[in-house]
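Task: produce atomic coordinates for the following.
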Amino acid sequence: MIIKILMPLLIIVTLSISRDISPLFRLSTSGLVSDFVVDSGKIYIATNQGSIDIFDFSTQKIVDRILLEPTRTMRGELVPRAIYSVDRLQGKTLFVSSGSEGYRDLWLKDGLELKKLMAREKIVAKKARFVDDDQIVLGTFGSDAILYDQSEGYTLYHEHLSQSALGGMILSDDKKTMVMADESGAVRIVDVATSEVKEIHSSQNLDNVYRVAYRDGTLLTAGQDRRVGVYPRVGEAYHIRSDFLVYAVGLSPSAKVGVYSSGVEHHLQLFDLSTKALGDRLIGHRSVVNKIEFLSEKILISAGEERDVYVWSLE
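A predicted model of the protein is given here:
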């Protein structure tokens, strides 16, 4: 009898602890945001207006901008080149933009020099990431993995890994592992050096996986089937049901706390991976969220199909 009385009270107490958190601050950009990366106290934000806006994280002010020349349509009209992916390593900026004839261009900005990589190859890259100072790994819409040595101008491998279109793609923190999800709901854990598929996870999503998060062997998936797939490093996989399509997920550095986009109001929902308990909500986004990144256990950044990048404090 005592247990029956206490259980509802415990639920009420748990719910009362959860809260709605507003952004610590916003960074307003020159266009709709597609990707971002933080490096050396600055945040590099890719937009659909042909620019990478560079903000100082401490002052929250724009300090520089990488701009691409606009391109001409078949009718001769000038339009901005959308930038879809951005990465940073040792002072260099790597990014993917729209190109001609439906293909995409790969760019490297090193100091004052801006050069196009793989200019003779017709590819439709979705993401590009630095592996080291010389090598770059790309994921294409057709679920091809490409390892390219930019210092030698040579493709080390070009492997077709799935018959389904690519969804989310990320690298592990040590850049030795690539995680590629696709429209079938499967997620492949790939060795970057060899393109060998080490694992395939497909038990938790029935449809397209939009985004993935990966830390120290723990994997989260964001699914069109309204599921957040959780594949812990130790223990059984499970999923959390959402009431709307899940477009983005994030995972804390310790892999103890997850976050996913939730509902038609585009809130971000925190949860505990070990207990599966829902925690605080982050409220303020006005459009679909496409990326969530933890900077630390208490600070995270998110962006979506809008002109603002959001910074949150979980203190």
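
Can you get me a residue count around Leu68?
By other CB atoms under 10 Å, 19 other residues sit near Leu68. Bear in mind the C-beta positions are built from the backbone N, C-alpha and C, glycine included.

Check Lys92 too.
Counted by other CB under 10 Å, the residues lying close to Lys92 total 16.

Look up how far Val228 lies from it.
Distance of Lys92 to Val228, computed by CB to CB, to the nearest Å: 34 Å.

cool, and Ser58?
For Ser58, the distance to Val228 equals 33 Å [CB to CB].

Arg120 now?
With CB to CB as the criterion, Arg120 and Val228 are 41 Å apart.

who's more crowded, those two?
Legend: neighbour count by other CB under 10 Å for Arg120 and Val228, higher for Val228 (25 against 6).

That one: what's it in contact with?
Neighbouring residues of Val228 by CB atoms under 8 Å, 6 or more residues apart in numbering: 220-222, 239-240, 242, 246, 249, 258, 260, 271.

Given the helix or strand harbouring it, what are its sheet partners and their directions?
Element membership for Val228 (DSSP states H and E) is strand 227-231. Strand 227-231 has the following sheet partners, assigned by DSSP bridges: strand 218-223 (antiparallel), strand 238-241 (antiparallel).

gap between the first one and the chain center?
By that I understand strand 218-223. Per CA atoms, centre = their mean, to the nearest Å, the displacement of strand 218-223 from the mean C-alpha position of its chain is 11 Å.

Would you tell me what the next helix or strand after the helix or strand of the chain with the lowest mean pLDDT is?
Lowest by mean pLDDT, DSSP states H and E among the helices and strands of the chain is helix 2-17, with a mean of 42. Moving toward the C-terminus from helix 2-17, the next helix or strand (DSSP H and E) is strand 20-21.

where does the protein dip in pLDDT?
Applying pLDDT under 70 to the chain flags residues 1-16.

ok, 90 please
Scanning the chain for pLDDT under 90 picks out 1-18, 71-79, 99-102, 111-112, 119-121, 216, 263, 315.

May I see the buried residues of stretch 236-250?
Within stretch 236-250, the residues that count as buried by 16 or more other CB atoms under 10 Å are 239-240, 242, 245-250.

do the same with stretch 182-198
182-190, 192, 195, 197.

contacting residues around the closest residue in space to Tyr214 that isn't next to it in sequence?
Excluding its sequence neighbours, the residue lying closest to Tyr214 (CB to CB, 6 or more residues apart in numbering) is Val179, at 4.8 Å. Residues counted as contacts of Val179 (CB under 8 Å, 6+ apart) are 168-172, 187-190, 212, 214, 219.

Who is Val179 paired with across the strands?
Ile170, Ile189.

From here on, call the first residue 28.
Got it, the first residue is 28 from now on, which makes the last one we talked about Val206.

measure it to Gly194 for me?
Counting by CB to CB, the gap from Val206 to Gly194 is 10 Å.

How about Ser323?
When distance is defined by CB to CB, Ser323 is 27 Å away from Gly194.

same thing with Ser178?
According to CB to CB, Ser178 stands 30 Å off from Gly194.

Of those two, which one has the most company?
A count of neighbours by other CB under 10 Å puts Gly194 above the other of Ser178 and Gly194, at 29 against 10.

quick one: the more buried one and Val286, what's the gap?
Counting by CB to CB - Gly194 and Val286 are separated by 18 Å.

which element is Ala73 on?
Per DSSP H and E: strand 69-74 holds Ala73.

can you check Arg115 too?
Secondary structure from DSSP H and E places Arg115 in strand 110-116.

and the closest residue to Lys225 other than its chain neighbours, what does it touch?
Nearest residue to Lys225 in three dimensions, chain neighbours excluded: Ile216, at 4.8 Å (CB to CB, 6+ apart). By CB under 8 Å, 6+ apart, the contact set of Ile216 is 204-206, 224-228, 246.
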